[in-house]
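how does the following fold in three dimensions:
(2 chains)
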Amino acid sequence: MSTTTAAPRRPRPAVSPLKQGLRLTRTEFTLFVRYKTAWMYLVLPPFFAFMAMNLPNNEIVPGFGTGQMAMVATIGSIGLILGVGHPSNVFTARREALVLKRLRVSGVPQQAIFGGVIAVVVALSLAMAVVVAVLVFAVFGSLPQDPLMLVVAVVLSAVMFSLMGLLLTPVVRNAEAAQMVSMLPMMVLLFLGGGIIPLESLPESARLVLGFLPSVPAGEMAQTAYSGYDAFRGFGTGEEKSYLGLWIAALPSIGVMLAWIAVLGLLVRRYFRWDPRQP
Amino acid sequence: MTTTANTAAAPSHRDTTGPAVVVRDLHQHYGDFEAVKGVSFEIHPGELFALLGTNGAGKTTTIETLEGFRRPSSGTVRVFGLDPHGQPAGVRERTNAVLQGSGLLDDLSVGETMDLAHDLAATPRDGGEVLELVGLADRRGVAVRQLSGGQKRRLDLGLALLTRPEVLYLDEPTTGMDAEGRIETWRIINDLKSEGVAVLLTTHYLEEAERLADRLAIMHRGEVRVEGTLQDVLAGWGDRVGFALSPGVRTADLPDLPGTELAVETRDHVLWATYTAGGEDVADRAHRTVAALIAWADEHGTTLKHLQVRGASLEDVFLQVADGASDLVPD
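As a prediction, this is how the structure comes out:
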C-alpha cells in the first residue's frame, strides 16, 4: 500500500470567507423574505414597545419616565427575539435537510455560514431598532442622545443572541422543536431583561445579579444612549454624565456582552452539529 | 453515450504520483458500538471505487470520515496527503460530494441555487453549462421545492461538479432517478473519471457498481469482506451451473462433484439444482462441471433440462456477504 497521495495538479486560488459570508448574507435576506414564519420575529419588538407605551410614565430623571424607559429598553430585546428565534429555526431545518453539510463539503467555512445568518440578524435588528425609535419619537418626542451607543448595544446583542440560537440547534431534532425550545430562553430572558418588567422596580442586589444576564446590558445601554444619564444598575442619583463618562459607565455592560459572545462562540464551535446523523 | 460495463483491472488515467485517497485500518467507535472495523483502501486519480453493503454496514460513516466530519477512532485517512478532519479547508477545496439527501434550499430557484454555489466556489465551472450537463437548463427559474426527487439529485450532482473536484464522493447518487436520468448520470461519472477525478461511490444498485466501478469492496457489519476488481471478485465466487431435475430424479440422486457446492431449490413447483464451481482453474471449471454432469445424466438415462451456465453475479456475491456467508467463498 502506498504511503503518499497524489500531489496537487492545479493551483487553487482561495476564495475569502468574508466574500463567501457576504454572498451568503445576500441569500439569507432572500430566504428571510420568502420564509413568512420568520416575519413573526419582526413583529414582536414593536408589539412589546407598544405594550410598554401603556405603562405609567413616572419621571426617573429629568424628562424621562419609567414608561418611556421601558419602551426604549425593548430596543435591547430586539436582538434577543431575532437572534434566538431565527438562527435556531433555520439552522435546525437546514441541518436536517443536509443543506449545511452540502455547504461544508463544497468548501464553505463555518465562519462564512454562521456569518451570513448573523449578519442578517444584525441588519434586521438595526432596522427594527429604527422602527422602535420612530415609535418612541412619535409617543414621547425623544431621540437618542448617543446613537452610536444604541447601535453598539443592538449589534452586540444581535451577535450574542444569534450565537445562543445556534447553540440551541444541537438539542432539537427539527425546525418545529427549535421554534418551541427557543421560546423558553427567549421568554425567560425577556422577562428578566427589563423589556417587560422595568428593572428600576427591582432592588439593587437583584439588578446587580441580573446585570450578568445577556439580556440586561443591551437594554441598559439603550436607556443610557437615549437619556444621557447613567442607567447602569439604576439611575442612582440621576446625575447627568458627559459623553465619555457614559461610555466609561457602559464598559461593564459591553464587557458582559463580549464575554457572552466569547463563551457562546466557543460552545457553538464545540457542540454545533452539521450532520443530522447521530453517532 | 457510454453505458457499457467497466470492468477494467486498472484505470488508464491513473496518476503515477500516488493515490488521491488512502484509508488505512480505519476504526470508528460510537461508544461501545464499532461502526467501522479496520477498513483499508486506496483510490487513484481517474479511478472509481465502489463501496457496497447493506444499510448500517459502515459506508456512510467511512465517507463522513473522508469528508472530515468525523475524526477516526484509530487508523489513518488521507486525501492528497492531508488529514480531512485536521485540515478540512485544504481537503474540501479539492473535493466535493453528492450526499444521501439532496441538501438544497427549497425556497431558492434552480438558477439561484447554482448562482449561489458558483459565487461561493474558488474556481467554478460555468453554472449554465453545468445545468445543461445535468439536464436542468430548462428548469432554471423553477423553485427547488417543485423539482422531482430525481431532478433534485441531478441538481445536487451539478453542484458537486461546479467546484471542479479532484475527489468526488457519491453517496447513492442515482436514488430516485428514472432510468434515463440514471444512464445520463453514469455517462457524466465516466466522463469525470476520464478527466482524472477519483470517485468513491456507494450505491444500492449493483448494476451501477458493475457498470462504473474499477474496483469495489463489499462491507458488512463494519468490515470489508470482499475487495477487488469486478472480475476478481466474481471469479472468487465460482461459476453457476444450473438445471431443472427431470421427473423421477431425486435430490439424493445428484452427484457429488469435487470442487463444487450444490444447492437445490424449488422454482414454480420444479426442483432446480445449482452447482457452484470454484477453484483456481477459472477458465475451465464451468466446462469441467458441465462435462461431469452430462456424463452423470447419460449414465442415469436423464437430461439436464433448461441447462444454464453463468458466472457469479455481483448480486450473488452481495447476498452471500449480506447473509454473513463470506466464509463460504469457494476459493
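
tally of neighbours for the closest residue to chain A within the stretch 151-300 of chain B?
Nearest residue of the stretch 151-300 of chain B to chain A, counting by Cβ to the nearest Cβ: B:Thr163, 5.8 Å away. Where C-beta positions appear, they are placed from N, C-alpha and C, glycine not excepted. A total of 25 residues lie near B:Thr163 under the criterion other Cβ atoms under 10 Å in any protein chain shown.

got a list of what it touches?
Applying Cβ atoms under 8 Å, 6 or more residues apart in numbering or on different chains, we find B:Thr163 in contact with A:106-107, B:93, B:96, B:117, B:121-125.

now with 7 Å, please.
Counting by Cβ atoms under 7 Å, 6 or more residues apart in numbering or on different chains, B:Thr163 makes contact with A:106-107, B:96, B:121, B:124.

where does the prediction get shaky in chain B?
For chain B, the stretches flagged by pLDDT under 70 are B:1-17, B:324-331.

show only the entries of the contacts of B:Thr163 found in helices.
Assignment to helices by DSSP state H places none of the contacts of B:Thr163 there.

coming back round to it: dihedrals phi and psi, the residue of the stretch 151-300 of chain B closest to chain A?
The phi/psi pair for B:Thr163 (degrees, to the nearest 10) reads phi -90, psi 10.

which residues touch the residue nearest to it when sequence neighbours are not counted?
Leaving aside its chain neighbours, B:Thr163 sits nearest to B:Ala121 (4.5 Å; criterion: Cβ to Cβ, 6 or more residues apart in numbering or on different chains). Residues near B:Ala121 by Cβ under 7 Å, 6+ apart: A:15, A:106, B:162-163.

mind doing that once more with 8 Å?
If a contact means Cβ under 8 Å, 6+ apart, then B:Ala121 has A:15, A:106-107, B:162-163 as its contacts.

kindly report the same for A:Asn57.
Contacts of A:Asn57 by Cβ under 8 Å, 6+ apart are A:65-68.

and for B:Thr251, the neighbour number?
Other residues near B:Thr251 come to 10 when the count uses other Cβ under 10 Å.

how far away is it from B:Val264?
B:Thr251 sits 5 Å away from B:Val264, taking Cβ to Cβ, to the nearest Å as the criterion.

any shared contact partners between these two?
Shared contacts of B:Thr251 and B:Val264 (Cβ under 8 Å, 6+ apart): B:271, B:273.

any chance you could map the strands in the stretch 1-150 of chain A?
With strands called from DSSP state E, counting those that start in this stretch, the stretch 1-150 of chain A shows them at A:59-61, A:64-65.

check these for me: which has the lowest mean pLDDT.
Sorting the strands of the stretch 1-150 of chain A by mean pLDDT places strand A:59-61 lowest, at a mean of 78.

in its sheet, what does that one sit against?
Here strand A:59-61 has these sheet partners by DSSP bridges: strand A:64-65 (antiparallel).

for chain B, give me its nearest residue in the stretch 1-150 of chain A.
Counting by Cβ to the nearest Cβ, the stretch 1-150 of chain A gets nearest chain B through A:Arg102, at 3.1 Å.

just the strands from the stretch 1-150 of chain B, written as ranges.
Going by DSSP E, counting those that start in this stretch, the stretch 1-150 of chain B shows strands at B:21-30, B:33-43, B:48-53, B:74-79, B:95-98.

mind putting those into JSON lines with distance to B:Asp316?
Output for those, formatted as JSON lines (distance: least, Cβ to Cβ, whole Å):
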{"stretch": "strand B:21-30", "distance to B:Asp316": "26"}
{"stretch": "strand B:33-43", "distance to B:Asp316": "22"}
{"stretch": "strand B:48-53", "distance to B:Asp316": "13"}
{"stretch": "strand B:74-79", "distance to B:Asp316": "30"}
{"stretch": "strand B:95-98", "distance to B:Asp316": "28"}
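
could you identify which of those strands is most buried?
Burial of the strands of the stretch 1-150 of chain B is given as mean neighbour count (mean count of other Cβ atoms under 10 Å in any protein chain shown); strand B:95-98 ranks first at a mean of 28.

so what touches that strand?
A:105-107, B:63, B:67, B:79, B:153, B:156-157, B:159-161, B:163, B:165-171, B:173.

can you give me the helices for the stretch 1-150 of chain A?
Assigned by DSSP state H, counting those that start in this stretch, the stretch 1-150 of chain A shows helices spanning A:17-34, A:40-53, A:66-96, A:99-105, A:110-140, A:147-168.

right, so the ones you listed: which one is the most enclosed?
A comparison of the helices of the stretch 1-150 of chain A by mean neighbour count, using mean count of other Cβ under 10 Å, puts helix A:66-96 on top with a mean of 27.

from the contact counts, what lies against that one?
On a contact count with 3 or more Cβ pairs under 8 Å, 6 or more residues apart in numbering or on different chains; DSSP states H and E, helix A:66-96 meets helix A:40-53, helix A:99-105, helix A:110-140, helix A:147-168, helix A:175-192, helix A:216-227.

okay, the angle between it and helix A:110-140?
Angle, helix A:66-96 to helix A:110-140, by axes from the mean of the first three to the mean of the last three Cα atoms, to 10 degrees: 150 degrees.

for the record, mean pLDDT for helix A:66-96?
Helix A:66-96 carries an average pLDDT of 92.

angle of it against helix A:17-34?
Using the same axes, to 10 degrees: helix A:66-96 against helix A:17-34 is 100 degrees.

what angle sits between helix A:66-96 and helix A:147-168?
Using the same axes, to 10 degrees, helix A:66-96 lies at 40 degrees relative to helix A:147-168.

tell me what angle helix A:66-96 forms with helix A:40-53.
For helix A:66-96 against helix A:40-53, the angle by the same axes, to 10 degrees is 170 degrees.

run the chain-centre distance for helix A:66-96.
6 Å (Cα atoms, centre = their mean, to the nearest Å).

for B:Asp107, give its distance to B:Arg145.
As judged by Cβ to Cβ, B:Asp107 and B:Arg145 stand 7 Å apart.

same question, A:Ala178
20 Å.

which of those two has more neighbours?
Higher neighbour count among A:Ala178 and B:Arg145: A:Ala178, with 25 against 12, using other Cβ under 10 Å.

next up, the contacts around the residue nearest to that one when sequence neighbours are not counted.
Distances taken as Cβ to Cβ, 6+ apart place A:Thr92 nearest to A:Ala178, at 4.0 Å, with adjacent residues excluded. Counting by Cβ under 8 Å, 6+ apart, A:Thr92 touches A:168-169, A:172-175, A:177-178.
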